[in-house]
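Asker: no sequence for this one, just the structure:
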C-alpha cells in the first residue's frame with residue numbers, strides 16, 4: 001500500500017521550490033525573441049498561390065462568372081441541392097444558421113455556404129470563426145462546403161496568419177484545408193468521414209471591406 005504524503009508537507013515542499021525559483025530568478029528583463037515572418041520571397045500572386053495549394057489538398061477553386069453575374073458558377077453548383085444552409089447575403093439558402101439552432105440541425109444539409117475570414121496562400125487553408133459559421137457545425141456536417149473569399153484577405157504564410165486579429169477576438173476559430181480526408185492503416189482514403197466531402201472556394205470581394213483586414 002502506498003502511503004500519501006501529508007498534505008501540509010506537500011504544500012510546504014512546493015512553496016519552498018517556488019520560493020527558491022523566485023529568489024534565483026535573473027534580475028534583468030529579457031526581451032522576447034524576434035520571430036522572423038519568413039516572407040522575404042512572397043509569391044507574386046497570392047490568389048494563384050492559394051488556389052494551387054488548395055487544389056493540392058483536394059479542394060476546388062471555382063472561377064467567377066461573367067461580369068453580369070459573378071456568382072453564376074456557384075449558382076450552377078447549387079442547382080438541384082435540396083438543403084442549402086447559407087450564412088452569406090450573396091447566396092440565399094433555404095436554411096439560415098442562427099440563435100437557437102442546435103448543432104445537429106445541420107445534419108441533413110447538402111451545401112453549406114460561408115465567407116472565409118481570411119486564407120493562407122502557403123497552405124491553401126481558409127480560416128472560419130463562429131462569426132462566419134453562425135453554428136460551428138456548418139463547417140463539418142454539410143456534405144459539401146463552399147466558401148467565398150475576398151482576394152484581399154489572403155496572407156502569404158502561416159506566420160502572417162497568426163498575426164491576424166481573429167485569434168484575439170474570436171471564441172472559436174479553425175483552419176480548413178481541403179475536404180475531410182481519413183486513411184486507415186491499410187491506406188484506404190475516405191473523404192467525408194469526419195467532415196465535408198468537398199471544399200470549394202470562390203474568389204469574390206466583400207461588398208464592404210472588413211476593418212480587421
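Answerer: Received the coordinates, thanks. These numbers come from a predicted model, not from an experiment.

Asker: residue ranges of the strands in the chain, please?
Answerer: Along the chain, the segments classed as strands by DSSP state E run 60-61, 84-86, 111-115, 118-120, 125-129, 144-149, 154-155, 173-176, 181-183, 189-191, 198-203.

Asker: Can you convert those into TSV and add a column each for mean pLDDT, distance to residue 96 and mean neighbour count?
Answerer: To be clear about C-beta, it is placed using only N, CA and C from the backbone, and glycine gets the same treatment. Listed next are the strands of the chain as TSV, based on pLDDT from 0 to 100; distance: least, CB to CB, whole Å; neighbours: other CB atoms under 10 Å:
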stretch	mean pLDDT	distance to residue 96	mean neighbour count
strand 60-61	97	24	18
strand 84-86	98	7	23
strand 111-115	98	10	26
strand 118-120	99	23	26
strand 125-129	99	17	24
strand 144-149	98	15	24
strand 154-155	98	27	23
strand 173-176	97	20	18
strand 181-183	87	29	13
strand 189-191	85	27	13
strand 198-203	98	19	22
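
Asker: could the ones you listed go into CSV alongside distance to residue 21?
Answerer: Below are the strands of the chain laid out as CSV (distance: least, CB to CB, whole Å):
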stretch, distance to residue 21
strand 60-61, 53
strand 84-86, 53
strand 111-115, 47
strand 118-120, 39
strand 125-129, 38
strand 144-149, 48
strand 154-155, 39
strand 173-176, 34
strand 181-183, 45
strand 189-191, 50
strand 198-203, 48
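
Asker: Any idea which of those gets closest to residue 33?
Answerer: Closest approach to residue 33 among the strands of the chain is made by strand 154-155 (21.6 Å; CB to CB).

Asker: So which elements touch the closest one?
Answerer: helix 46-56, strand 118-120 (3 or more CB pairs under 8 Å, 6 or more residues apart in numbering; DSSP states H and E).

Asker: redo that, cut-off 6 Å
Answerer: If contacts are counted by 3 or more CB pairs under 6 Å, 6 or more residues apart in numbering; DSSP states H and E, strand 154-155 sits against no helix or strand.

Asker: can you list contacts of that strand?
Answerer: By CB atoms under 6 Å, 6 or more residues apart in numbering, the surrounding residues in contact with strand 154-155 are 46, 50, 119, 120, 121, 161.

Asker: Mind listing the residues bridging to the fourth one?
Answerer: So that's residue 120. Residue 120 has these beta-bridge partners by DSSP bridges: residue 125, residue 155.

Asker: got the contact list for it?
Answerer: 155, 158, 161.

Asker: what does residue 114 give?
Answerer: Counting by CB under 6 Å, 6+ apart, residue 114 has contacts 87, 132, 147.

Asker: how about these in TSV, adding distance to residue 62?
Answerer: Formatted as TSV, the contacts of residue 114 follow (distance: CB to CB, whole Å):
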residue	distance to residue 62
87	18
132	17
147	10
